[in-house]
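Participant: Need the 3D shape of this:
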Amino acid sequence: MKFKLAKILSLLLTTSLLLIGCNKVQDTNNINKNEDNTLNIVTSFYPIYISTLNIVKDIPNVNLTNMTKAQTGCLHDYQLTPQDLKTLENADILVINGAGMESFLEDIISQYPNIKIIDASKGLNLLEDDTHDHDHDHDHDHDNEHAHDHDHENEHDHDHDHDHEYNAHVWVSVSGNIDQVKNIASQLETLNPENKDLYEANTNTYISKLENLKVEMHSELDNLPNRDIITFHEAFPYFAQEFNLNIVGVIEIEPDSEPSAKEIENIISTIKEHNIKALFTEPQYSSRVAQTIANETGASVYELDPIVTGDSNSNAYDDYINKMKENLNVLKEALKW
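Facilitator: Next up, the predicted model:
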């Protein structure tokens, strides 16, 4: 009798362990929330913060933090700081731009293997980062370019050395930004299904605003007489593609590196050849080189904002839309001749 009882207890224990093991396997995609049931989401930089902020708007127990400082800008060659690592310590989810923007991603994954990664550019068709050929024909359908039929999942998960192969500034195009918002929301709903309906409602509201912005910008830009522009760095190819603008030159080909005398000479020649009347700088960078070029060519200097800097707070909900409208006004003035 004792033997039978011991055998029964042994079988029960074995069955319990197997069930526990099965539950662990099933829960691999779930988020392990903190004791207070808060979901902590961290974004890599400002444009991704704005998109995610609108998706999680007013949802209880969802905490959103932007990892980088307000004036960080694009994350080209960005080095993680001790404060960044501290921010990531309690993160359940990290939302990244992807497309090679976050070259430090492997470091984060190795130090915080339990963080779930949401890639805003996953599955999007990306433009090649060709910094030497700006004579592309941008007269084609943006929706086809951003069709969700090309999956970069393996590249983002296993190979992050392609930041020089693709242009990562997807969000600067309004349509690209819409694609990224949809991407973030979809992946967030998978990781946190209990808030799926709330994420979906917020996403639809924000996308409606972005669609209205796109219609407004097309109505104002599509009939401007001039389509040739010179930009400060490679932040605007997706924008140019969407609004049928032709980037004939880039002042600062390598981020955070002033152009050489030869490169400046080439830009001056391009301006004269194409009769360019406007140069576009960015508020995140000095306009000194652009002013020098303008003095040599008679072109005027204007400012376009790629929307990479700003205060990560509740006032940021409409910051992308507001700054894009400012860009619209700048372009209307600069390209009206």
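Participant: Under the pLDDT cut-off, which ranges of the stretch 51-200 of the chain? List them.
Facilitator: Scanning the stretch 51-200 of the chain for pLDDT under 70 picks out 130-164.
Participant: check which helix or strand covers Ser219.
Facilitator: helix 196-221 (DSSP states H and E).
Participant: How about residues contacting the next helix or strand along the chain from that helix?
Facilitator: Note on helix 196-221: by DSSP H and E, the next helix or strand toward the C-terminus is strand 228-231. If you take Cβ atoms under 8 Å, 6 or more residues apart in numbering as the criterion, strand 228-231 is touched by 236, 240, 245-251, 267, 270-271, 274, 276, 278-280, 299, 304, 335. All C-beta atoms are positioned from the backbone trio N, CA, C, and that covers glycine.
Participant: Tell me the buried residues in the helix holding Ser219?
Facilitator: Residues of helix 196-221 classed as buried by neighbour count (16 or more other Cβ atoms under 10 Å): Leu198, Tyr199, Asn202, Thr203, Tyr206, Ile207, Leu210, Leu213, Lys214, Met217, Leu221.
Participant: can you count the residues close to the closest residue in space to the last one that isn't next to it in sequence?
Facilitator: Once flanking residues are discounted, Leu221 sits nearest to Phe243: 4.9 Å by Cβ to Cβ, 6 or more residues apart in numbering. Phe243 has 23 neighbours, counted by other Cβ atoms under 10 Å.
Participant: Work out which residue lies at the spatial centre of this protein.
Facilitator: For the chain, the residue nearest the mean C-alpha position is Asn97 (3.5 Å; Cα atoms, centre = their mean).
Participant: Help me confirm that that one comes into contact with Tyr46.
Facilitator: No: with contact defined as Cβ atoms under 8 Å, Asn97 does not reach Tyr46; the gap is 10.2 Å.
Participant: Grab the nearest non-local neighbour of Leu80.
Facilitator: Here the residue nearest Leu80, using Cβ to Cβ, 6+ apart, is Phe104, at 5.2 Å.
Participant: Please work out how many residues are found near the one you found.
Facilitator: Phe104 has 17 nearby residues by other Cβ under 10 Å.
Participant: just checking, it touches Asp77?
Facilitator: No: the pair Phe104 / Asp77 is not scored as a contact, 9.3 Å apart, by Cβ under 8 Å.
Participant: coming back round to it: what is the helix holding Ser219 packed up against?
Facilitator: Here helix 196-221 touches helix 46-55, helix 174-191, helix 319-334, going by 3 or more Cβ pairs under 8 Å, 6 or more residues apart in numbering; DSSP states H and E.
Participant: elements contacting the second one?
Facilitator: Which is helix 174-191. Packing contacts for helix 174-191, counted by 3+ Cβ pairs under 8 Å, 6+ apart, involve helix 46-55, strand 93-96, strand 116-119, helix 196-221, helix 237-242.
Participant: Could you check how far Ala240 is from Glu303?
Facilitator: According to Cβ to Cβ, to the nearest Å, Ala240 and Glu303 sit 16 Å apart.
Participant: what about the two, which has more around it?
Facilitator: Ala240 (20 against 17).
Participant: if we can go back for a sec, the helix holding Ser219 to helix 174-191, inter-axis angle?
Facilitator: 180 degrees (axes from the mean of the first three to the mean of the last three Cα atoms, to 10 degrees).
Participant: Quick one: distance of helix 196-221 to the chain centre.
Facilitator: Distance of helix 196-221 from its chain centroid, counting by Cα atoms, centre = their mean, to the nearest Å, is 16 Å.
Participant: cool, stretch 93-111 as well?
Facilitator: With Cα atoms, centre = their mean, you get 12 Å for stretch 93-111.
Participant: Show me what counts as buried in it.
Facilitator: Under the neighbour-count criterion of 16+ other Cβ under 10 Å, stretch 93-111 has 93-105, 108 buried.
Participant: Just put those residues in CSV and tack on distance to Lys122.
Facilitator: Formatted as CSV, the buried residues of stretch 93-111 follow (distance: Cβ to Cβ, whole Å):
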residue, distance to Lys122
Ile93, 14
Leu94, 13
Val95, 11
Ile96, 10
Asn97, 11
Gly98, 6
Ala99, 9
Gly100, 13
Met101, 13
Glu102, 13
Ser103, 17
Phe104, 18
Leu105, 13
Ile108, 17
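Participant: For Ile59, see how far away Glu273 is.
Facilitator: Following Cβ to Cβ, the distance that separates Glu273 from Ile59 is 53 Å.
Participant: actually Leu304, not the one I typed
Facilitator: On the measure of Cβ to Cβ, Leu304 and Ile59 end up 33 Å apart.
Participant: could you dump stretch 219-229 to PDB, C-alpha only?
Facilitator: Taking Å, rounded to 0.1, in the frame of the first residue of the first chain, the C-alpha atoms of stretch 219-229 are listed here in PDB:
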ATOM      1  CA  SER A 219      -2.600  69.600 -52.400                       C
ATOM      2  CA  GLU A 220       0.000  72.300 -51.700                       C
ATOM      3  CA  LEU A 221       3.200  70.600 -53.100                       C
ATOM      4  CA  ASP A 222       2.100  68.700 -56.200                       C
ATOM      5  CA  ASN A 223       1.700  71.700 -58.400                       C
ATOM      6  CA  LEU A 224       4.800  73.700 -57.300                       C
ATOM      7  CA  PRO A 225       6.800  74.600 -60.400                       C
ATOM      8  CA  ASN A 226      10.300  73.600 -59.100                       C
ATOM      9  CA  ARG A 227      11.000  70.000 -58.000                       C
ATOM     10  CA  ASP A 228      14.900  70.100 -57.600                       C
ATOM     11  CA  ILE A 229      16.200  70.500 -54.100                       C
END
